[in-house]
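[1] make a model of this:
(one chain, ligands or ions: 2)
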Amino acid sequence: MSAVERTETQAARAPEASSTQAAWAPGASSTRAARKQGARTQVPGVQGAGARGAGVRVRVPAKVNVQLAVGAARPDGFHDLANVFLAVGLYDEITVTPADELRITCSGPDAHQVPLDESNLAARAAIALGARHGIEPRVHIHIDKDIPVAGGMAGGSADGAGALLACDALWSLGSSREELLALCSELGSDVPFSLLGGAALGTGRGERLTPLDVGGAFHWVFAVADGGLPTPAVYGEFDRLTEGTDVPAPAADPALVEALRTGDPVALAATLANDLQPAALSLRPSLADTLTAGTAAGALGALVSGSGPTTAFLAKDEDAATRVAEALLASGTCRTVRVAPAPAPGATVVGAEDG
Ligand SMILES: C[C@@](CO)(OP(=O)(O)O)[C@H](O)COP(=O)(O)OP(=O)(O)OC[C@H]1O[C@@H](n2ccc(N)nc2=O)[C@H](O)[C@@H]1O
Ligand SMILES: Nc1ncnc2c1ncn2[C@@H]1O[C@H](COP(=O)(O)OP(=O)(O)O)[C@@H](O)[C@H]1O
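    Ligands and ions are numbered 1, 2, ... in the order given. This is a model prediction of the structure:
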């Protein structure tokens, strides 16, 4: 097998193989809630999930921001964006099964970096959905994490959207897409897109989505850096770097939207843009070497993914992506590389699990 890890060949990991776990009770149970929970073990549309103790497994993609136009800081501390999201084929899998109390476990190479308390976005999603419907979130949430943590690829958001969809199915709530998207936007600016997938323009703080057409497959290489970059720190550095300047209102680039629509990688590469890139490079200057290495290896375009520190490289085709990935690995300018196609579907129920 090539030195380049391919997402398609990754073996499924069992929830039991988790490397970290934690449990807590989110509050006293109400009788009504307990009754509701007990009555809702059937998952419509998922074969074999009606048995007591069965769970729901959901797959959720990572994202790259092909355009991230950032406006000035708003009074609430957020920034207005024109955020063109593209979902890529790197996935976390979230499995939710009935349990005595809310419990969260995580497996995967970066599992030790994932918080296992109520700050975990998957836990927050289960609590929020339960609260809306008077259900105690007595579930075991297992995250099989393949998306780099704190890497600008929305891994936490993916887990939030995945847990929401999985709990909705487990509890047979049948929430509409609009209801789920509204809950997602309460969890975080990027969470609605993790549910939607494909490509979309995010306005406001990124949570108001307009789906975009994508006319073909794009082949991406991601260089994963050592350590993460906290998103608030990168926005803070953006504010510092733009202080005293007139920050224009963010707007989507029509040429980029057209490049997505026609599936043209050369045109997309020419229009890639990330206003957070100078801030990420200011906080992590070594990322410039990674960008240079990928470009020298033949990438059509290169940019920091969102707030970083993952860097993203658009290749002409699958073979070119493999060559860029191998050159990046050999350059020693990143911790690891991943190859992934785009677009990828949003959060999807992929099966039932025995409890
Ligand atoms: C930069 C982006 C690009 O898609 O993603 P990442 O690269 O981190 O994955 C997003 O804007 C991150 O979205 P997300 O990570 O969901 O952010 P949130 O939880 O809503 O906010 C975390 C913090 O980021 C800052 N923030 C976020 C969104 C926004 N439009 N303006 C901001 O200033 C704020 O400081 C906020 O307190
Ligand atoms: N389920 C989760 N997976 C990963 N990180 C999480 C999760 N829940 C909360 N977090 C927190 O969110 C932070 C950002 O992680 P992540 O979403 O992976 O990166 P980014 O915001 O750069 O896309 C992490 O440092 C971690 O503290």
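
[2] the residue of the chain at minimum distance from ligand 1: how many residues sit nearby?
    Of all residues in the chain, the one sitting closest to ligand 1 is Gly306 (2.1 Å; C-beta to the nearest ligand atom). Just so you know, the C-beta spots here come from the backbone N, C-alpha and C atoms, and that holds for glycine as well. Number of residues near Gly306 (other C-beta atoms under 10 Å) recorded here: 27.

[3] surely it touches Gly156?
    No - using C-beta atoms under 8 Å, Gly306 makes no contact with Gly156, being 12.0 Å away.

[4] what's the distance between the residue of the chain closest to ligand 1 and Glu326?
    Distance, Gly306 to Glu326, by C-beta to C-beta, to the nearest Å: 25 Å.

[5] low-confidence ranges in the chain?
    1-53, 354-355 (pLDDT under 70).

[6] that one against ligand 1: which residues are in contact?
    Listed as neighbours of ligand 1 in the chain under the rule C-beta under 6 Å from any ligand atom: 65, 68, 77-79, 81, 83, 152, 154, 157, 188-190, 205-206, 231-232, 235, 306-307.

[7] ok, Ala269 touching Leu314?
    Yes - assessed by C-beta under 8 Å, Ala269 is found in contact with Leu314 at 4.9 Å.

[8] what about these two, which has more around it?
    Leu314 (26 against 20).

[9] report the contact partners of the more buried one.
    By C-beta atoms under 8 Å, 6 or more residues apart in numbering, the residues touching Leu314 are Phe218, His219, Trp220, Pro265, Leu268, Ala269, Leu272, Ala299, Leu300, Gly301, Ala302.

[10] 6 Å - rerun?
    Contact analysis of Leu314 by C-beta atoms under 6 Å, 6 or more residues apart in numbering lists Pro265, Ala269, Leu300, Gly301.

[11] now the nearest residue to it once chain neighbours are set aside: phi and psi?
    Nearest residue to Leu314 in three dimensions, chain neighbours excluded: Gly301, at 4.5 Å (C-beta to C-beta, 6 or more residues apart in numbering). Here is the backbone geometry of Gly301 (degrees, to the nearest 10): phi -160, psi 160.

[12] could you number the chain from 48 rather than 1 from now on?
    Sure, I'll start numbering at 48, so the last one becomes Gly348.

[13] secondary structure and distance to Gly274 for the contacts of Leu361 - can I get that in a markdown table?
    Formatted as a markdown table, the contacts of Leu361 follow (DSSP: H, G, I helix; E, B strand; the rest coil; distance: C-beta to C-beta, whole Å):
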| residue | secondary structure | distance to Gly274 |
| --- | --- | --- |
| Pro312 | helix | 30 |
| Ala316 | helix | 28 |
| Leu347 | coil | 28 |
| Gly348 | strand | 25 |
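
[14] distance to Thr395 for the residues you listed - can I get that in JSON lines?
    Shown next, in JSON lines, are those (distance: C-beta to C-beta, whole Å):
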{"residue": "Pro312", "distance to Thr395": "25"}
{"residue": "Ala316", "distance to Thr395": "28"}
{"residue": "Leu347", "distance to Thr395": "29"}
{"residue": "Gly348", "distance to Thr395": "28"}
